[in-house]
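Enquirer: build me a model from this:
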Amino acid sequence: MPLMVEDLSCRRDGRLVFAGLSFGLADGEARLLQGPNGVGKSSLLRTLAGLVPAAGGRITLDDTDPAETDLWAERVAYAGHLDAVKPQLTVEENLRFWAAIHGTTAVAPALEAFDLAAIAGRPAHACSAGQKRRLGLARLLLARRRLWLLDEPTVALDRAAVARLLGVVSDHLAAGGMALVATHVDLALTAAPPVVLAPPPAGRTHPGAPADDPFLEGAFA
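Expert: Below you'll find the model as predicted:
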């Protein structure tokens, strides 16, 4: 499979968040990332995006891995909890800013895809939470990355906006792209089984640590 995650583990503030995680993602496939709050879904996406180092295991996408920073960045787009819009710029100016970074000038398709054309001239600070969310997600169409990592992308979106998002993701998959989507909503994307995270055994703070080691108990993390 193009994306392979093998025996991956993650630590945060000395605490083992998850360990022994393995899964794959093929071209044209999306998988949902599921699990209770605090189990490490955001940490996993940030690790896959190359923003934080893994504590162990291996991540590969074809012939590269997150250590090859520039090559990895050309393949992966991460949409986190923050919409990262510039409030003093208009909706269209925000997209033109990001389009310039990614070497394109075609923002009209992104405006249309997320139903932003009618408010293109509105300052971002005057937009609703849902409009800001759509503006942040619209950058995916400007980055033109193969793997999309989406962290709770439906937050603040109404039913119509969720349908538009699903259409955009489906088009991305049809073009051979991939998507891993952390969500508490049952999104109808593909028939692929979800990636489910569960809390690690109590007391473990790093892979292979004995569960009864008093210096590695959660109280000391």
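Enquirer: longest single helix anywhere in the chain?
Expert: helix 159-174 (DSSP state H).
Enquirer: which strands and helices lie in contact with that one?
Expert: helix 108-113, helix 129-138, helix 140-143, strand 147-151, strand 178-182 (3 or more Cβ pairs under 8 Å, 6 or more residues apart in numbering; DSSP states H and E). C-beta coordinates here come from the backbone N, C-alpha and C atoms, glycine included.
Enquirer: partner residues bridging V195?
Expert: As for beta bridges, V195 partners with L33 under DSSP bridges.
Enquirer: measure how buried it is and give me the count.
Expert: 21 (other Cβ atoms under 10 Å).
Enquirer: the one 4 residues further on now?
Expert: Other residues lying near P199 total 14 when counted by other Cβ under 10 Å.
Enquirer: which non-adjacent residue is nearest it?
Expert: V39 (5.7 Å; Cβ to Cβ, 6 or more residues apart in numbering).
Enquirer: so the one you found touches V195, yeah?
Expert: No: at 11.3 Å, V39 does not count as touching V195 under the criterion of Cβ atoms under 8 Å.
Enquirer: mean confidence score for stretch 188-199?
Expert: Across stretch 188-199, the average pLDDT comes to 85.
Enquirer: circling back to that earlier point, can you tell me which of the helices and strands packed on helix 159-174 is nearest to E6?
Expert: Of all those, strand 178-182 sits nearest to E6, with 15.3 Å by Cβ to Cβ.
Enquirer: helices or strands next to that closest one in the packing?
Expert: Where contact means 3+ Cβ pairs under 8 Å, 6+ apart, strand 178-182 is packed against strand 30-34, helix 41-48, strand 147-151, helix 159-174.
Enquirer: give me the below-cutoff pLDDT ranges for the protein.
Expert: Applying pLDDT under 70 to the chain flags the ranges 1, 191, 201-221.
Enquirer: and W98, what element?
Expert: Per DSSP states H and E, W98 falls inside helix 91-101.
Enquirer: what comes up buried for that helix?
Expert: 91-96, 98-99 (16 or more other Cβ atoms under 10 Å).
Enquirer: now G56. Nearest residue, chain neighbours left out?
Expert: Of all residues not flanking G56 in the chain, S9 sits nearest, at 4.2 Å (Cβ to Cβ, 6+ apart).
Enquirer: surely Q88 is in contact with P123?
Expert: Yes: taking Cβ under 8 Å as the definition, Q88 is a contact partner of P123 at 6.9 Å.
Enquirer: which one's more surrounded, those two?
Expert: P123 (15 against 10).
Enquirer: could you give the number of residues near the closest residue to that one other than its chain neighbours?
Expert: Nearest residue to P123 in three dimensions, chain neighbours excluded: T90, at 5.6 Å (Cβ to Cβ, 6+ apart). T90 has 18 neighbouring residues, counting by other Cβ under 10 Å.
Enquirer: what about stretch 57-68, start to end distance?
Expert: Start-to-end span of stretch 57-68 (Cα to Cα, to the nearest Å) is 16 Å.
Enquirer: cool, and stretch 42-59?
Expert: Where stretch 42-59 starts and where it finishes are 16 Å apart, if you go by Cα to Cα.
Enquirer: buried residues of that stretch, list them for me.
Expert: For stretch 42-59, by 16+ other Cβ under 10 Å, it's 42-50, 52, 54-57, 59.
Enquirer: so which residues make contact with it?
Expert: Applying Cβ atoms under 8 Å, 6 or more residues apart in numbering, the external contacts of stretch 42-59 come out as 3-12, 16-19, 21-22, 33, 65-66, 69, 72-73, 76, 78, 80-81, 147, 149-151, 180, 182, 197, 206-207.
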